[in-house]
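Chemist: Here's my sequence, what's the structure:
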Amino acid sequence: MKENIHPKYQPVVFQDLSSDFAFLTRSTMSSKETVKWEDGNEYPVIKLDISSHSHPFYTGKQKTLDIGGRVDKFRQRYGKK
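Modeler: Sure, this is the predicted structure:
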């Protein structure tokens, strides 16, 4: 591999602002803000608006809406008579 062309790959904390959930992983992203992690070390922190911990699809709180009776219209057109 060529020297000095790859981004720095380092431990980073991703923090979900909507649910106070955070996880430590490795990434090429960086930030000037740091946070002290459970192991006592300081890591750059990337703040997220939503993560798998707060997303409605992953938490099971997703609502599906049948707008305009699409299912009923489909059944009327193509259903058994």
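
Chemist: Identify the residue nearest the geometric centre of this structure.
Modeler: The centre of the chain sits closest to Ser51, judged by CA atoms, centre = their mean, with a distance of 2.9 Å.

Chemist: List the contacts of the residue lying closest to that residue once chain neighbours are set aside.
Modeler: The shortest distance from Ser51 to any non-neighbouring residue, by CB to CB, 6 or more residues apart in numbering, is to Asp16 (4.1 Å). Placement of C-beta: from N, CA and C, glycine included. Residues in contact with Asp16 (CB atoms under 8 Å, 6 or more residues apart in numbering) are 22, 48-51, 53-54.

Chemist: Would you write a PyMOL line that selects the buried entries of those residues?
Modeler: Filtering these down to the buried ones (16 or more other CB atoms under 10 Å) takes a single PyMOL command:
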select buried, resi 22+48+51+54
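
Chemist: Which of the contacts of Asp16 fall within strands?
Modeler: Among the contacts of Asp16, the members falling in strands (DSSP state E) are 22, 48.

Chemist: Quick check: the gap between the residue nearest to the centre of the chain and Ser18.
Modeler: 8 Å (CB to CB, to the nearest Å).

Chemist: returning to that earlier point: ok, the contacts of Asp16 vs Thr34, which is closest?
Modeler: Nearest to Thr34, judged by CB to CB, of the contacts of Asp16 is Ala22 at 12.7 Å.

Chemist: give me the beta-bridge partners of the closest one?
Modeler: Here Ala22 sits in beta bridges with Gln15, as judged by DSSP bridges.

Chemist: Start at 18, not 1
Modeler: Done: numbering now begins at 18, and the last item shifts to Ala39.

Chemist: With just CA atoms, put the lengthiest helix in the chain into CSV.
Modeler: Longest helix in the chain by number of residues (criterion: DSSP state H): helix 87-95. Output in CSV follows, covering the C-alpha atoms of helix 87-95 (Å, rounded to 0.1, in the frame of the first residue of the first chain):
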residue,chain,number,x,y,z
ARG,A,87,-55.2,1.5,-1.3
VAL,A,88,-55.6,-2.1,0.0
ASP,A,89,-59.3,-1.9,-0.5
LYS,A,90,-59.0,-0.5,-4.0
PHE,A,91,-56.6,-3.3,-4.9
ARG,A,92,-58.9,-6.0,-3.5
GLN,A,93,-61.9,-4.5,-5.4
ARG,A,94,-60.0,-4.5,-8.7
TYR,A,95,-58.2,-7.8,-8.4
